[in-house]
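Q: sequence unavailable; structure follows:
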């Protein structure tokens with residue numbers, strides 16, 4: 001009898017330990033992943049929209065740096081979350097494209113810290129920037145849309161005067 005109780009306790013402990021240590025319980029659900037992608041797109045859109053609303057060259061440079069950090073954070077969050085089965089490659093493409101976009105925005109902001117480059121952009125809208133990585137983000141998001149996820153692509157915002 002004691003042996004059965006001990007064996008039952010050990011078996012129960014083993015089952016709990018096995019569940020806690022993994023074996024696939026870390027994969028997000030499709031709904032959780034979908035929400036994470038929507039949040040990443042919203043964060044990216046918000047950050048880029050702030051860039052278009054810059055009122056001065058200094059503010060433009062500052063907001064580009066902030067946007068870069070925000071986009072990198074969104075990419076990192078998606079990478080850490082991972083993707084449900086069947087979406088791993090799409091997630092890798094999206095994470096890479098977001099990382100590239102964050103890098104492109106950041107490097108452009110750094111370049112604009114040089115007055116010679118900044119003078120070339122004075123009077124132009126920040127919407128005039130065009131990044132291939134933007135298109136790659138939207139292609140990756142289009143792949144997720146085609147797979148049935150309810151996500152949206154990055155949106156161009158009109159600059160407000």
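A: Received, thanks. As the structure is a prediction and not an experimental result, all values here were calculated from the model.
Q: how many residues are close by the residue nearest to residue 32 when sequence neighbours are not counted?
A: Excluding the flanking residues, the one nearest residue 32 by C-beta to C-beta, 6 or more residues apart in numbering is residue 81, at 7.6 Å. Bear in mind the C-beta positions are built from the backbone N, C-alpha and C, glycine included. Neighbours of residue 81 under the rule other C-beta atoms under 10 Å: 19.
Q: helix or strand right after the lowest-mean-pLDDT helix or strand in the chain?
A: Each helix and strand of the chain was given a mean pLDDT (mean pLDDT, DSSP states H and E); the minimum falls on helix 2-21 at a mean of 40. Past helix 2-21, further along toward the C-terminus, the next helix or strand under DSSP states H and E is helix 30-52.
Q: which helices and strands sit right next to the helix or strand just after that next one?
A: Next in sequence after helix 30-52, counting helices and strands by DSSP H and E, comes helix 57-81. Contact partners of helix 57-81 among helices and strands, from 3 or more C-beta pairs under 8 Å, 6 or more residues apart in numbering; DSSP states H and E: helix 30-52, helix 88-112, helix 115-121.
Q: quick check: buried residues in helix 57-81?
A: Residues 60-68, 70-75, 78-79, 81 are the ones in helix 57-81 that count as buried (16 or more other C-beta atoms under 10 Å).
Q: any regions of the chain where pLDDT drops low?
A: Low-confidence regions of the chain, defined by pLDDT under 70, span residues 1-25, 118-129, 157-161.
Q: for the residue nearest to residue 93 when sequence neighbours are not counted, give me its contacts.
A: Leaving out its chain neighbours, the residue that sits closest to residue 93 by C-beta to C-beta, 6+ apart is residue 140, at 4.2 Å. Neighbouring residues of residue 140 by C-beta atoms under 8 Å, 6 or more residues apart in numbering: 90, 93, 94, 97.
Q: where does residue 140 sit: helix, strand or coil?
A: Secondary structure assignment for residue 140 (DSSP: H, G, I helix; E, B strand; the rest coil): helix.
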